[in-house]
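Peer 1: A structural model of the following input is requested.
(chains A and B)
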2 protein chains.
Amino acid sequence: MTGRLTPEALEARLREVGAQRYHNLHPFHRLLHSGKCSKGQVQAWALNRYYYQAMIPLKDGSLIGRCDDPALRREWRKRLEDHDGDDTHPGGIERWLKLTDGLGLDRDDVVSTRLLLPATRFAVQAYVHFVRERSLLEAVASCLTEMFSPQIISERMAGMLANYDYITPATLAYFQKRPPQAQRDATFALDWVTRHARTAEQQQAVIDTLAFKCDVLWCMLDALHHAYVSPRLIPPGAFVPADSDG
Amino acid sequence: MTGRLTPEALEARLREVGAQRYHNLHPFHRLLHSGKCSKGQVQAWALNRYYYQAMIPLKDGSLIGRCDDPALRREWRKRLEDHDGDDTHPGGIERWLKLTDGLGLDRDDVVSTRLLLPATRFAVQAYVHFVRERSLLEAVASCLTEMFSPQIISERMAGMLANYDYITPATLAYFQKRPPQAQRDATFALDWVTRHARTAEQQQAVIDTLAFKCDVLWCMLDALHHAYVSPRLIPPGAFVPADSDG
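Peer 2: Numbers count the residues shown, from 1 in each chain, chains lettered A, B, ... in the order given. So this is what the prediction gives:
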């Protein structure tokens, strides 16, 4: 039985989880940003990742829907604004569709989510259910992967712009806007969980939550890798790239 | 088995439900706005109704958290803004606390909700659970009592200002802001349910939902009436007014 960690030690443990489990370590991420993906593989990634983007506001609404602290709800509402946009500014979901448009995917194929890999759907739903069902502390902590996302986004943008001639800054509009939002959200969430994890057990729950969330993201890339890279076993009903040699 | 109603006939049926079941018909509402409540009774009303106000954003967040239409989520987000406010504008909950402050209630007593009538808690929770668990159509329809709220609010404001010398326009700030918001929300929701209730069964579900929601509001006034008007049987642990003769 260990004692309660200092805030610095808790943050260090969280960064350690990220260093071991965040999906920037996944072979699919390396293929993607190093230019080694076929266009069909990039399409499959964007189409599957769309579902994650599209479900984020449901996750955030669910958190607001169980939160009895108006100040936390106000802070969390910013995430709804970021992803859903408003009458004058497109949100993150709309910007993600610029990417799928730019990749030549049919918008209805993307929005309908009918060509998803089943594992993508299950992983994303596991995330939404986690936020609905676990403690509020764990629900907040589940966004802590944002601590690492500015780095992966910058790797992705630089790599994809350099390596794929069909990727333009306009199609990557999502990633241009996202790092400062992610930074703000991660700073808030890390501070919040540090203050609200009052026992060693609660701190461990925060650390376990971050590992769970890394698993969600990792699992999504595993499914893409298995279906579209090696051994290229596309599940029945899932997206089949036009350049597939299957 | 009846056929599907025209939009006009559906609206007429909804207005009929309101005419029969909305809580402006409740004796407690009449006592309140006609000046016949003691200050303790007005306090009890404001303290109990606070819980309803405080739970509205959880209800709205829960709706957003299960809604896969970004346009509906954006529209619904306005309700979160109205009730929770933002960095510069106080929301409805904060304005409700101006009322309970103005009535001389201790803010911690109010916000803690520890002095609520149990029936208030159960009725409000029934509303939140309804929105979480029923169809999205029913979740949206459950706000249709807003169709009738501008009228009750104007009755309440005029009556309370005229009849209670401790009630000032400042303490009624909540009600001054609310009618245009309620009007906007009711117009949107009525249009939305009219378009989305595609079968006679779905239309009946909308009508039944409005009746349910009227029951929630009515039940809250019943509990106040029983505890504080007649027979004045205050449940153990609930708010006891200083002017109580109990």
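
Peer 1: so what does the longest helix seen in chain A touch, helix or strand wise?
Peer 2: Longest helix in chain A by number of residues (criterion: DSSP state H): helix A:200-228. If you count contacts as 3 or more Cβ pairs under 8 Å, 6 or more residues apart in numbering or on different chains; DSSP states H and E, helix A:200-228 packs onto helix A:7-21, helix A:27-33, helix A:39-64, helix A:118-133, helix A:136-141. All C-beta spots, glycine's among them, are computed from the backbone N, C-alpha and C.

Peer 1: what's the burial count for A:His23?
Peer 2: A:His23: 21 surrounding residues under other Cβ atoms under 10 Å in any protein chain shown.

Peer 1: just the one 4 residues further on next, same as before
Peer 2: Burial measure for A:Pro27: 13 neighbouring residues, criterion other Cβ under 10 Å.

Peer 1: I'd like the distance between A:Ala182 and chain B.
Peer 2: 20 Å (Cβ to the nearest Cβ, to the nearest Å).

Peer 1: oh, I was asking about A:Pro150
Peer 2: 24 Å.

Peer 1: Can you tell me the SS state at that residue?
Peer 2: Taken by DSSP: H, G, I helix; E, B strand; the rest coil, the conformation at A:Pro150 corresponds to helix.

Peer 1: For it, which non-adjacent residue is closest in space?
Peer 2: Sequence neighbours aside, A:Pro179 is the residue nearest to A:Pro150 in space, at 4.2 Å (criterion: Cβ to Cβ, 6 or more residues apart in numbering or on different chains).

Peer 1: Could you pick out the residues of chain A near chain B for me?
Peer 2: With the criterion set to Cβ under 8 Å from any Cβ of the partner chain, chain A comes near chain B through A:54, A:57-68, A:70, A:73-74, A:77, A:80-81, A:84-87, A:91, A:93-94, A:132.

Peer 1: and A:Arg15, what is it in contact with?
Peer 2: Neighbour list for A:Arg15: A:Met147 [criterion: Cβ atoms under 8 Å, 6 or more residues apart in numbering or on different chains].

Peer 1: Tell me how far it lies from A:Val206.
Peer 2: Using Cβ to Cβ, to the nearest Å, one obtains 13 Å as the distance from A:Arg15 to A:Val206.

Peer 1: again, but for A:Pro235
Peer 2: For A:Pro235, the distance to A:Val206 - Cβ to Cβ - is 34 Å.

Peer 1: Compare those two (neighbour count), which wins?
Peer 2: Per other Cβ under 10 Å, whichever of A:Pro235 and A:Val206 has more neighbours is A:Val206, with 25 against 13.

Peer 1: Isn't that one up against A:Ala141?
Peer 2: Yes - between A:Val206 and A:Ala141 there is a contact under Cβ atoms under 8 Å: 4.4 Å.

Peer 1: Confidence-wise, which helix or strand of chain A is lowest on average?
Peer 2: helix A:149-163 (a mean of 91; mean pLDDT, DSSP states H and E).

Peer 1: which helices and strands does it pack with?
Peer 2: Packing partners of helix A:149-163 (3+ Cβ pairs under 8 Å, 6+ apart): helix A:27-33, helix A:173-196.

Peer 1: Can you say which of those is nearest to B:Asn24?
Peer 2: helix A:173-196 (41.8 Å; Cβ to Cβ).

Peer 1: Show me which residues of the closest one are buried.
Peer 2: Within helix A:173-196, the residues that count as buried by 16 or more other Cβ atoms under 10 Å in any protein chain shown are A:173-175, A:177-179, A:181-182, A:185-186, A:188-190, A:192-194.

Peer 1: next one: stretch A:55-69
Peer 2: For stretch A:55-69, the neighbour count (16+ other Cβ under 10 Å) marks A:55-67 as buried.

Peer 1: swap in stretch A:31-48?
Peer 2: A:31-33, A:37-48.

Peer 1: for the closest residue to A:Val128 other than its chain neighbours, what are its contacts?
Peer 2: Closest residue in space to A:Val128, ignoring its immediate chain neighbours: A:Lys59 at 5.0 Å, by Cβ to Cβ, 6+ apart. By Cβ under 8 Å, 6+ apart, the residues touching A:Lys59 are A:Tyr127, A:Val128, A:Val131, B:Gly65.

Peer 1: Let's see that with 10 Å instead.
Peer 2: Applying Cβ atoms under 10 Å, 6 or more residues apart in numbering or on different chains to A:Lys59 gives the contacts A:52, A:79, A:83, A:124, A:127-132, A:139, A:142-143, B:65.

Peer 1: Next: A:Cys214.
Peer 2: A:Val17, A:Gly18, A:Gln20, A:Arg21, A:Tyr22, A:His23, A:Leu25, A:Leu144, A:Thr145, A:Phe148.

Peer 1: ok, now how distant is the last one from A:Thr120?
Peer 2: What that stands for is A:Phe148. Counting by Cβ to Cβ, the gap from A:Phe148 to A:Thr120 is 20 Å.

Peer 1: What of the second one?
Peer 2: Counting by Cβ to Cβ, the gap between A:Gly18 and A:Thr120 amounts to 22 Å.

Peer 1: So those two - more neighbours on which side?
Peer 2: A:Thr120 (24 against 21).

Peer 1: Tell me if I'm right that the more buried one and A:Ala46 touch.
Peer 2: No - look at A:Thr120 against A:Ala46 with Cβ atoms under 10 Å: they stay out of range, at 11.7 Å.

Peer 1: from the contacts of A:Cys214, which single one is nearest A:Ala242?
Peer 2: A:His23 (26.3 Å).

Peer 1: any idea how far that closest one is from chain B?
Peer 2: The value you get for A:His23 to chain B, if Cβ to the nearest Cβ is used, is 25 Å.

Peer 1: contacting residues around that residue?
Peer 2: By Cβ under 10 Å, 6+ apart, the residues touching A:His23 are A:29, A:145, A:148-149, A:152, A:214-222.

Peer 1: Of those residues, just say which sits nearest to chain B.
Peer 2: Ranked by distance to chain B (Cβ to the nearest Cβ), the contacts of A:His23 are led by A:Val216 at 17.5 Å.

Peer 1: Next, format the helices and strands packed on helix A:149-163 as CSV and append mean pLDDT and distance to A:Ala158.
Peer 2: Below are the helices and strands packed on helix A:149-163 laid out as CSV (pLDDT from 0 to 100; distance: least, Cβ to Cβ, whole Å):
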stretch, mean pLDDT, distance to A:Ala158
helix A:27-33, 95, 7
helix A:173-196, 94, 10
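
Peer 1: closest to A:His226 out of those?
Peer 2: Nearest of those to A:His226, taken as Cβ to Cβ: helix A:27-33 at 9.6 Å.

Peer 1: CA-only coordinates of that closest one, as PDB, when you get a sec.
Peer 2: Extracted C-alpha coordinates of helix A:27-33, given in PDB (Å, rounded to 0.1, in the frame of the first residue of the first chain):
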ATOM      1  CA  PRO A  27       3.600   1.100 -36.200                       C
ATOM      2  CA  PHE A  28       0.500   2.400 -38.100                       C
ATOM      3  CA  HIS A  29       1.200   6.000 -36.800                       C
ATOM      4  CA  ARG A  30       4.800   5.700 -38.000                       C
ATOM      5  CA  LEU A  31       3.700   4.400 -41.500                       C
ATOM      6  CA  LEU A  32       1.200   7.200 -41.700                       C
ATOM      7  CA  HIS A  33       3.400  10.100 -40.900                       C
END
